[in-house]
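Asker: sequence first, then the predicted structure, then my questions.
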Amino acid sequence: MTASKTILMDDFGRKHNYLRISLLEKCNLRCTYCMPADGIVLSPKASLMTADEIFAIAQTFVENGVHKIRLTGGEPLLRKDFREIVSKLSTLNTSLSITTNGILIDRHIDVLKEANIKKINLSLDTLVSSKFHSITLRNQFEKVIDNLHLLLNHDFEVKVNVVLMKGFNENEIIDFVQLTKFLPLSIRFIEFMPFAGNEWDRSKMVSQSEILLQVEETFASDEIIKLDDEKNFTARTYEIKGFQGNFGIISSITNPFCDGCNRIRLTANGKIKNCLFSNSETDLLTAFRKGESITNLISESIKNKKKVRAGMVTISEMDDPALHFDNRSMIAIGG
Ligand code: SAM
Ligand code: SF4
């Protein structure tokens, strides 16, 4: 490794080779766990990264060891210059993927193919049409389902992100697992996380152990197969014997995976966050626009990364609003 490549290594030996870039703060859904009821104050357009700036900043990361980039948002497919952004990024020596709510997939499927994007994370929290509106405040269920099938028909590798919340969709856990019987999907159950304005409360969260309990009550123990976790995993994965797909659990609250964290986030207005839960940010875009080097800023941010969840080691610390409610709303971070 050359000296310059060490800027992505933190004090705990974690190498940050996975960059998640948020393309914008806007969205065509209003998921209540993500977008505050009163909306958010959007960054002025001039302070959002342009396609060229996204490319140049991403290039610096790639030159320093990043080999995986995921585009997120807000809803990344809403960016008018999405095609330009992905076609530029696809020239970098890195894998490219996106996280999307799926609504605009049919309009962009050719762009995704051209850019050699094979992995798509699609967010879908319910399999019941009428419930879709109550969580997203929009009637787009059929569109998302159609686009999910479109992606599978075009051989994309699809992971479905399901944020679980008590009283809303914890009674659909098994329905989602059953979906993997005939579809080659990876379902990923996500523990509800606290961000500014999302009225998080630990009692609303469905935990890893509660999810596994439902699975164990439904399937025989020899049918539930624990799969090897990916390197730098976020989801602990399982499959049901004979099913085409699998499912995983992202337990950021009750069983975090910080030891192997390799992620760094770049917000749409050009700030890096070294942890989803961290209130602190480092402004790369201002320095970049002044023609200054951004590598020292990246290095400093990585060095300041805490060992666990931005310093919140125990779950009870998560209950203290002062420790995380200053953070951005998820819609403006890019999950
Ligand atoms: N709009 C795209 C989408 O929904 O897939 C990309 C952005 S969204 C912020 C990225 C992911 O963050 C989604 O899978 C969403 O479910 C997840 N997310 C948002 N708020 C969350 C929260 N409070 N807790 C857990 N996951 C959350
Ligand atoms: Fe939009 Fe995604 Fe947030 Fe839902 S989770 S409001 S789709 S950014």
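Answerer: Yep, that arrived. Residues are numbered from 1 along each chain as shown. Ligands and ions are numbered 1, 2, ... in the order given.

Asker: any residues of this structure in contact with ligand 1? List them.
Answerer: Neighbours of ligand 1 within the chain, by C-beta under 6 Å from any ligand atom: 27, 33-34, 72-73, 75, 99-101, 123, 161, 163, 190, 192-193, 195, 198, 330-331, 335. For the C-beta atoms, the positions are set from N, CA and C on the backbone; glycine is no exception.

Asker: show me those residues that map onto strands.
Answerer: If you go by DSSP state E, the residues of the chain next to ligand 1 have 72, 99-100, 123, 161, 163, 190 in strands.

Asker: format the residues you listed as JSON lines; extra columns: distance to ligand 2, pLDDT and neighbour count.
Answerer: Shown next, in JSON lines, are those (distance: C-beta to the nearest ligand atom, whole Å; pLDDT from 0 to 100; neighbours: other C-beta atoms under 10 Å):
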{"residue": "72", "distance to ligand 2": "8", "pLDDT": "97", "neighbour count": "22"}
{"residue": "99", "distance to ligand 2": "8", "pLDDT": "98", "neighbour count": "21"}
{"residue": "100", "distance to ligand 2": "8", "pLDDT": "98", "neighbour count": "24"}
{"residue": "123", "distance to ligand 2": "6", "pLDDT": "98", "neighbour count": "22"}
{"residue": "161", "distance to ligand 2": "8", "pLDDT": "98", "neighbour count": "20"}
{"residue": "163", "distance to ligand 2": "8", "pLDDT": "98", "neighbour count": "25"}
{"residue": "190", "distance to ligand 2": "10", "pLDDT": "96", "neighbour count": "23"}
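
Asker: please enumerate the helices of the stretch 201-335 of the chain.
Answerer: For the stretch 201-335 of the chain, helices defined by DSSP state H, counting those that start in this stretch occupy the ranges 208-218, 284-289, 295-303, 315-318, 321-324.

Asker: mean neighbour count and mean pLDDT added to those helices, as TSV?
Answerer: Below are the helices of the stretch 201-335 of the chain laid out as TSV (neighbours: other C-beta atoms under 10 Å; pLDDT from 0 to 100):
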stretch	mean neighbour count	mean pLDDT
helix 208-218	15	97
helix 284-289	18	98
helix 295-303	17	94
helix 315-318	15	74
helix 321-324	14	65
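
Asker: adding distance to residue 48, write those out as CSV.
Answerer: Shown next, in CSV, are these (distance: least, C-beta to C-beta, whole Å):
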stretch, distance to residue 48
helix 208-218, 36
helix 284-289, 9
helix 295-303, 18
helix 315-318, 30
helix 321-324, 25
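
Asker: in a markdown table: those, plus distance to ligand 2.
Answerer: Listed next are these as a markdown table, based on distance: least, C-beta to the nearest ligand atom, whole Å:
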| stretch | distance to ligand 2 |
| --- | --- |
| helix 208-218 | 19 |
| helix 284-289 | 21 |
| helix 295-303 | 23 |
| helix 315-318 | 20 |
| helix 321-324 | 17 |
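
Asker: out of those helices, which gets nearest to residue 112?
Answerer: helix 284-289 (26.2 Å; C-beta to C-beta).

Asker: was I right about residue 66 contacting residue 15?
Answerer: No: using C-beta atoms under 8 Å as the test, residue 66 is too far from residue 15 to be in contact (9.7 Å).

Asker: low-scoring stretches of the stretch 201-335 of the chain, by residue?
Answerer: 321-326, 335 (pLDDT under 70).

Asker: and the end-to-end length of stretch 172-191?
Answerer: With C-alpha to C-alpha, to the nearest Å applied, stretch 172-191 spans 14 Å between its terminal residues.

Asker: mind listing what's buried along that stretch?
Answerer: For stretch 172-191, the buried set under the neighbour-count rule, 16 or more other C-beta atoms under 10 Å, comprises 172-173, 176-180, 183, 185-191.

Asker: if I pick residue 303, what's in contact with it?
Answerer: 10-11 (C-beta atoms under 8 Å, 6 or more residues apart in numbering).

Asker: separation between it and residue 10?
Answerer: 6 Å (C-beta to C-beta, to the nearest Å).

Asker: show me where the stretch 101-250 of the chain has strands.
Answerer: 119-123, 157-164, 186-191, 224-226, 236-240, 246-250 (DSSP state E, counting those that start in this stretch).

Asker: now the angle between strand 236-240 and the third one, please.
Answerer: Just to be clear, that refers to strand 186-191. Angle, strand 186-191 to strand 236-240, by axes from the mean of the first three to the mean of the last three C-alpha atoms, to 10 degrees: 130 degrees.
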